[in-house]
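[1] Here is a sequence together with a model predicted from it:
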Amino acid sequence: MTSSPDKPLSPAALDAHHEHRLTGPATSNPVANLQGEAAMYLVRADDHFRAIGNLLVSERIALSPFTLARTMLMSCSAAFFILEPGIDVKERVGRWISLRLRSEYQSLGMVSGVSALPDTTQQLVDKLLGQDQAIGYELKPPSGRNRNDRRQIDLEVPSET
């Protein structure tokens with residue numbers, strides 16, 4: 001087993017042990033990357049949770065606590081989606097990449113009139129899709145519901161609503 005800062009035989013240590021099978025064009029450390037991404041989701045959730053607490057004790061509420069609660073719940077569910085205990089490391093990496101793809105595609109929605117991906121985004125998307133194909137996932141065609149529907153892997157990502 002490779003050296004890992006994780007407790008021996010813990011799910012994180014076992015994932016790290018199998019990481020070498022899941023490297024590809026996007027990253028040579030997919031397990032470390034997905035663990036870092038999940039930690040960032042939890043940090044984001046904590047920030048929003050604290051903001052909700054501050055709003056609830058304030059006499060003057062400038063923001064809706066429901067907007068903050070929604071973001072907090074989405075962040076927690078994304079972290080759980082990546083780190084769900086009952087899945088293997090291959091699916092964990094696939095889920096992380098699926099969330100990254102969705103994030104890249106959604107960022108395009110903030111720019112009006114984009115018909116093609118910017119070069120840097122296209123390169124990242126190609127690397128992420130290549131990584132998923134390298135570990136055994138198939139690409140599914142865009143569904144065409146809106147202009148941001150792009151190539152995805154055949155793995156469902158939870159809705160944000």
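    On my side now, so go ahead.
[2] got the contact list for the residue sitting furthest away from the middle of the chain?
    Largest separation from the mean C-alpha position in the chain: Glu59, at 36.1 Å (C-alpha atoms, centre = their mean). Glu59 makes contact with no residue, according to C-beta atoms under 8 Å, 6 or more residues apart in numbering. All C-beta atoms are positioned from the backbone trio N, CA, C, and that covers glycine.
[3] tell me the SS of it?
    coil (DSSP: H, G, I helix; E, B strand; the rest coil).
[4] Please tell me how far it sits from Ala51.
    16 Å (C-beta to C-beta, to the nearest Å).
[5] Over to Thr71?
    On the measure of C-beta to C-beta, Thr71 and Ala51 end up 9 Å apart.
[6] Repeat that for Arg44.
    11 Å.
[7] ok, now Ser28?
    36 Å.
[8] Give me the more crowded residue out of those two.
    Ala51 (17 against 12; other C-beta atoms under 10 Å).
[9] Quick check, the more buried one in contact with Leu68.
    Yes: with contacts counted by C-beta atoms under 8 Å, Ala51 reaches Leu68, the gap being 5.2 Å.
[10] Run through this structure and note the low-pLDDT ranges.
    The chain contains residues with pLDDT under 70 at 1-4, 25, 62-63, 108-119, 139-155, 160-161.
[11] Do a quick rundown of the strands in it.
    Ranges of strands in the chain, per DSSP state E, are 139-140, 152-153.
[12] Tell me who's in contact with the residue nearest the centre of the chain.
    Nearest residue to the geometric centre of the chain (C-alpha atoms, centre = their mean): Leu99, 3.4 Å. By C-beta under 8 Å, 6+ apart, Leu99 lies in contact with 37, 78, 81-82, 157.
[13] Please tabulate the residues you listed in JSON lines, including the columns neighbour count and distance to Ser64.
    Listed next are these as JSON lines, based on neighbours: other C-beta atoms under 10 Å; distance: C-beta to C-beta, whole Å:
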{"residue": "Glu37", "neighbour count": "18", "distance to Ser64": "27"}
{"residue": "Ala78", "neighbour count": "25", "distance to Ser64": "21"}
{"residue": "Phe81", "neighbour count": "19", "distance to Ser64": "25"}
{"residue": "Ile82", "neighbour count": "22", "distance to Ser64": "28"}
{"residue": "Val157", "neighbour count": "14", "distance to Ser64": "26"}
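[14] Would you point out the most distant pair within those?
    Glu37 and Val157 (13.4 Å; C-beta to C-beta).
[15] Perfect, I'm done here.
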